[in-house]
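> Kindly generate the corresponding structure for this input.
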Amino acid sequence: MNLGLEGRTAAITGAGRGIGLATARMLAEAGANLILIARDEDQLTAAAEEVAGLGSAEPIPLVLDVTAPGAATTLLGHASDAFGAIDILVNNAGTARWRDLDEVPEADWQAAWDLNVMAPKRLMDALIPAMVERGWGRVVNVSSTAGKRPSAQMAEYSVAKAAQLSLSRLYADRHAASGVLVNAVCPGPTRSEMWMEEGGLLDQSQAASGAASREAALAAAGAKRPIGRLADVGEIASAIAFLCSDRASYVAGAAWSVDGGTVQVII
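Residues are numbered from 1 along each chain as shown. Take a look at the predicted model:
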């Protein structure tokens, strides 16, 4: 399928690994120019090397903390130097951990808000006006099933992701008539580093559940989904890539569940 992205420029946050890196691969293969954004320089360098050669231009790695108030200005400066305008923004940066509601310190509530709400808002505020002027733009905010159905084990994450969905809808309503389409995707548990790396969500869920092994914990997590397993990162990236494309020309304000049927709602 031709996604109509040849020559478009996409900025992807959280691009050093997981869903962000998988999305970068797909957009590069579709012909998009890439600005890859992450805080970890080593991960970002490796990601840029992995994506290099897939598209028509070499990706631009940008080491950046998106929660910093000046992050949007920094991104615009790098984009102007490299490719000019940014046509696509994927707000994917995120992190989570399992713990009881009463164990979440106030600083972590604020950090979740800064990362999942204020950072995407600032980037949208900086990038969307030029998209509106050109009459074409795509924004995909990567939320979570926890934004639709709060997780008792990830309280601050759930609340921030729910707010991100509201933010996404507000910006979609504001800009859709101008050709700038803002949408969200809501992945369920995914076999990304956030889940699978040592000390990640899988290990945390194993400790919380008392499962005998990582394999048992993974099987138990998968069994909670109607599809019977966790997602692969490419399955989430496929939905994101479609929403970034010309093919999604009549999709605005959506919050697509890409969760194997986990959140059982019909809207």
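
> Next, the buried residues of the one helix or strand Ser80 maps to.
In the assignment (DSSP states H and E), Ser80 maps to helix 71-82. Within helix 71-82, the residues scored as buried using 16 or more other CB atoms under 10 Å are Ala71, Ala72, Thr74, Leu75, Leu76, His78, Ala79, Ala82. Glycine gets a C-beta too; all of them are placed from N, C-alpha and C.

> mind putting the residues you listed in a markdown table, pLDDT included?
Formatted as a markdown table, the buried residues of helix 71-82 follow (pLDDT from 0 to 100):
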| residue | pLDDT |
| --- | --- |
| Ala71 | 96 |
| Ala72 | 95 |
| Thr74 | 95 |
| Leu75 | 95 |
| Leu76 | 93 |
| His78 | 87 |
| Ala79 | 86 |
| Ala82 | 83 |
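
> Alpha carbons of the helix holding Ser80, in PDB - could you do that?
The C-alpha trace of helix 71-82 is given here as PDB (Å, rounded to 0.1, in the frame of the first residue of the first chain):
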ATOM      1  CA  ALA A  71      12.300  21.300  23.500                       C
ATOM      2  CA  ALA A  72       9.900  22.400  20.700                       C
ATOM      3  CA  THR A  73      12.100  25.300  19.700                       C
ATOM      4  CA  THR A  74      15.100  23.000  19.600                       C
ATOM      5  CA  LEU A  75      13.200  20.600  17.400                       C
ATOM      6  CA  LEU A  76      12.100  23.300  15.000                       C
ATOM      7  CA  GLY A  77      15.700  24.500  14.600                       C
ATOM      8  CA  HIS A  78      17.000  21.100  13.800                       C
ATOM      9  CA  ALA A  79      14.100  20.500  11.300                       C
ATOM     10  CA  SER A  80      14.700  23.700   9.600                       C
ATOM     11  CA  ASP A  81      18.400  23.000   9.100                       C
ATOM     12  CA  ALA A  82      17.800  19.400   7.900                       C
END
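
> I'm done for today, thanks for sticking with me.
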